[in-house]
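Participant: Fold the following for me, if possible:
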Amino acid sequence: MIEPNSRPPADLLEQAVTAMRSISVPPGPTDELITSTMRVLHDAAKSPMPNRISPRSKIMFRIAAVCSAAVAAMLFLTLGFRIGAPHKEQPVVQKPSAEVEIDGASFQIQGPFTHQDLTVFLLCSSHQDTQDFLTLDEGLKEGLVTITEQEQEQVRALLIENQSDRPLYLQEGERLVGGKQDRTIVSSLVIPPKSGKTSVPTFCVEHSRWTEGEKGKKFGFSVNPALAPKGVRGAAKVEGSQDRVWGCVAAQKVSASKTLNCPNTNSSVNEMLDAPQVRSISQEYAAAM
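Facilitator: Residues are numbered from 1 along each chain as shown. Below is the predicted model:
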């Protein structure tokens with residue numbers, strides 16, 4: 001029997017649940033939902049209680065208390081998730097370019113510009129070099145640059161001649177095909193116009209071959225202008241280890257053979273980088289950036 005001026009706790013819980021169900025819940029609680037729920041719980045706390053509580057009423061009070069705590073916990077967890085989680089539709093604001101000073105010259109760092117796993121930052125300056133540089137790929141294709149084995153052949157150096165009227169820019173990691181072994185350029189440098197024959201430092205990227213190929217002692221351009229892999233360039237320029245260069249080439253070729261089904265019939269890194277599978281990826285990234 002229910003005593004006057006008292007309400008069973010079960011009714012209070014039902015009121016709270018009814019209030020919550022009567023409001024459409026978005027992905028995170030609205031202010032109205034929180035206010036409504038807190039009002040019902042507050043009213044329940046101020047309701048007059050009977051002087052004598054039956055055992056059954058005690059059980060119902062415990063159930064109501066546990067359920068109220070659970071509801072409150074869910075509200076706070078959901079509210080916290082709503083506040084802490086980033087909204088997917090929020091636009092990403094690109095930070096303004098940063099300025100740095102190098103040897104008294106001011107540069108601006110712009111970016112990042114990203115495509116999949118590649119991120120590029122641009123180093124820009126208001127002062128530009130007005131020289132019209134010739135690239136190695138362009139010079140070899142047009143016959144303006146020749147590269148050959150030295151008279152006293154050695155792995156770590158080749159002879160290069162810039163026959164053009166423009167300075168030739170060599171980028172570290174550029175690959176050469178031919179001679180007695182395929183090579184890679186160790187360091188970036190500029191070869192002046194009409195240079196005559198001069199030495200250029202290289203590393204071998206083709207283990208075991210030491211015989212002249214189709215071009216004899218001469219070298220030609222690679223089909224894919226992509227540079228030698230980062231690990232190969234580091235082993236050459238930083239570590240200065242020919243064995244480490246060969247090891248990196250071998251590891252890269254095994255990986256490319258497994259993941260991209262690239263051919264792996266010889267020891268040259270050029271076989272991998274000039275393969276159609278890698279060329280298509282290089283073209284995709286170049287077009288995207």
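Participant: and the helix or strand hosting S199, what other elements does it pack with?
Facilitator: Using DSSP states H and E, S199 maps to strand 197-204. Contacts defined by 3 or more Cβ pairs under 8 Å, 6 or more residues apart in numbering; DSSP states H and E place strand 197-204 against strand 157-162, strand 183-185, strand 189-191, helix 242-260. Using the backbone N, CA and C atoms, a C-beta is placed for each residue, glycine as well.
Participant: The very next helix or strand once past it pairs with which strands, and in what direction?
Facilitator: Using DSSP H and E, the helix or strand that follows strand 197-204 in sequence is strand 219-220. Partners of strand 219-220 in the sheet, by DSSP bridges, are strand 175-178 (antiparallel).
Participant: And for the partner strand, what's in contact with it?
Facilitator: 147, 158, 182-185, 202, 205, 213-222, 227-228, 269-270, 273 (Cβ atoms under 8 Å, 6 or more residues apart in numbering).
Participant: can you do 10 Å?
Facilitator: 136, 140, 147-149, 158, 160, 182-185, 200, 202, 205-206, 212-228, 232, 268-271, 273-274 (Cβ atoms under 10 Å, 6 or more residues apart in numbering).
Participant: Write the ChimeraX selection for whichever of those residues are buried.
Facilitator: To isolate the buried ones among these in ChimeraX, judged by 16 or more other Cβ atoms under 10 Å, type:
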select :136,140,147,148,149,158,160,182,183,184,185,200,202,205,206,213,217,218,219,221,222,224,225,226,227,228,232,268,269,270,271,273,274
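Participant: The nearest residue to S126 once chain neighbours are set aside: what secondary structure?
Facilitator: Closest residue to S126 apart from its sequence neighbours, by Cβ to Cβ, 6 or more residues apart in numbering: S106 at 7.6 Å. Assigned by DSSP: H, G, I helix; E, B strand; the rest coil, the conformation of S106 is strand.
Participant: Show me what S106 bridges to in the sheet.
Facilitator: The partner residues for S106, given DSSP bridges, come to E101.
Participant: quick one: it from S125, how far?
Facilitator: In this view, S106 and S125 are 7 Å apart by Cβ to Cβ, to the nearest Å.
Participant: E206 reaches V232, doesn't it?
Facilitator: No - with contacts counted by Cβ atoms under 10 Å, E206 stays clear of V232, the gap being 11.6 Å.
Participant: Quickly list what's touching both of the two.
Facilitator: 184, 246, 249, 269.
Participant: Surely Q252 and R233 touch.
Facilitator: No - under the criterion of Cβ under 10 Å, Q252 makes no contact with R233, lying 11.6 Å away.
Participant: Show me where this structure has its strands.
Facilitator: 98-102, 105-115, 118-124, 134-135, 145-148, 157-162, 168-170, 175-178, 183-185, 189-191, 197-204, 219-220 (DSSP state E).
Participant: could you dump these to JSON lines with distance to Y285 and mean pLDDT?
Facilitator: As requested, the strands of the chain are exported to JSON lines (distance: least, Cβ to Cβ, whole Å; pLDDT from 0 to 100):
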{"stretch": "strand 98-102", "distance to Y285": "25", "mean pLDDT": "84"}
{"stretch": "strand 105-115", "distance to Y285": "6", "mean pLDDT": "90"}
{"stretch": "strand 118-124", "distance to Y285": "6", "mean pLDDT": "91"}
{"stretch": "strand 134-135", "distance to Y285": "18", "mean pLDDT": "96"}
{"stretch": "strand 145-148", "distance to Y285": "26", "mean pLDDT": "98"}
{"stretch": "strand 157-162", "distance to Y285": "29", "mean pLDDT": "98"}
{"stretch": "strand 168-170", "distance to Y285": "21", "mean pLDDT": "97"}
{"stretch": "strand 175-178", "distance to Y285": "17", "mean pLDDT": "96"}
{"stretch": "strand 183-185", "distance to Y285": "20", "mean pLDDT": "97"}
{"stretch": "strand 189-191", "distance to Y285": "26", "mean pLDDT": "96"}
{"stretch": "strand 197-204", "distance to Y285": "25", "mean pLDDT": "97"}
{"stretch": "strand 219-220", "distance to Y285": "24", "mean pLDDT": "96"}
